[in-house]
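**Student:** I need the structure of the sequence given here:
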Amino acid sequence: MTKQTDPILLDDGWMMDAASGAAPRAVRVLAACHGAINPTAGDTLDTAESAFGALLETGPRAPVSQASYEAVLKRLDETDLDDEPAAPRSAWLPRPLVSALARSGSPGWRKRFGGYHEIVLSDLCEPGVRARLLSIPKGKGAPEHDHEGEELTLVLSGSFFDGRSRYTRGDTCVAEPGVVHRPRVDSDETCVCFAVELGDWRLTNPVLSTLDRFLTRRH
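**Tutor:** All right, here's what the predicted structure looks like:
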């Protein structure tokens, strides 16, 4: 199989939404992680954030009460990354993801059908949005599935092939609604990914779907 020569980046629309704050927080964290490990994505995000910052500077200023000002300062002190506890065994993860993992209580891995494991990042989940860390060993992967909403998957280590493209560290796989694919790890090392799902995904095989729900309840 031919290796991708160019990085597979999150498109400019998602990066703009992340930079402006319009995207869900899980997507903003994924974009920050993407930028942290992929210089090209980092440049795109920095440019977008600078542009939005300049727009805010030129806009009309709204009055802020002293109480609100002090509350913002207090919140900034509470969320200082330097003061946050590091999640266990996560020193190699991008810092925004380490922080989200710590705020989620550093949950353990849960087995899913297909031979992979997941950690649900509760701190980044909200109605219609699910954020997960996925750990998939060599030769394993998610069973064939489709999507009701968009799914963004950032590769943190290893690589996988989903029938469309091969994704390596720093690449982001975007599956649009209606896309059916079957990600499979093709590297010798375990593939770890950060996935954000904007809507449900369904296994195309109904028997496997029932088995997956059963295994999930047991773990």
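
**Student:** All the helices of the protein, in order from the start?
**Tutor:** If DSSP state H is used as the criterion, the helices of the chain fall at 12-20, 25-37, 39-58, 66-78, 95-103, 206-218.

**Student:** Can you work out which other helices and strands pack against the fifth one?
**Tutor:** The elements that helix 95-103 packs onto, with contact taken as 3 or more CB pairs under 8 Å, 6 or more residues apart in numbering; DSSP states H and E, are helix 25-37, strand 130-136. Every residue, glycine included, has its C-beta placed from N, CA and C.

**Student:** What of the first one?
**Tutor:** Identification of packing neighbours for helix 12-20 by 3+ CB pairs under 8 Å, 6+ apart yields helix 25-37, helix 39-58.

**Student:** related to what we said a few turns ago, would you convert the helices and strands packed on helix 95-103 into TSV that also reports distance to Ala19, mean pLDDT and mean neighbour count?
**Tutor:** Written out in TSV, the entries for the helices and strands packed on helix 95-103 read as follows (distance: least, CB to CB, whole Å; pLDDT from 0 to 100; neighbours: other CB atoms under 10 Å):
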stretch	distance to Ala19	mean pLDDT	mean neighbour count
helix 25-37	8	95	23
strand 130-136	19	94	22
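
**Student:** Need those in CSV (columns: distance to Thr172).
**Tutor:** Formatted as CSV, the helices and strands packed on helix 95-103 follow (distance: least, CB to CB, whole Å):
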stretch, distance to Thr172
helix 25-37, 6
strand 130-136, 14
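
**Student:** Next one: Arg112 relative to Leu133, how far apart?
**Tutor:** With distances defined as CB to CB, to the nearest Å, the gap from Arg112 to Leu133 amounts to 12 Å.

**Student:** Overlap of the contact sets of those two?
**Tutor:** Here Arg112 and Leu133 share the contacting residues Glu118, scored by CB atoms under 8 Å, 6 or more residues apart in numbering.

**Student:** residues contacting Ala31?
**Tutor:** Per CB under 8 Å, 6+ apart, neighbours of Ala31: Leu10, Trp14, Met15, Ala18, Ala19, Ala23, Ala41, Leu45.
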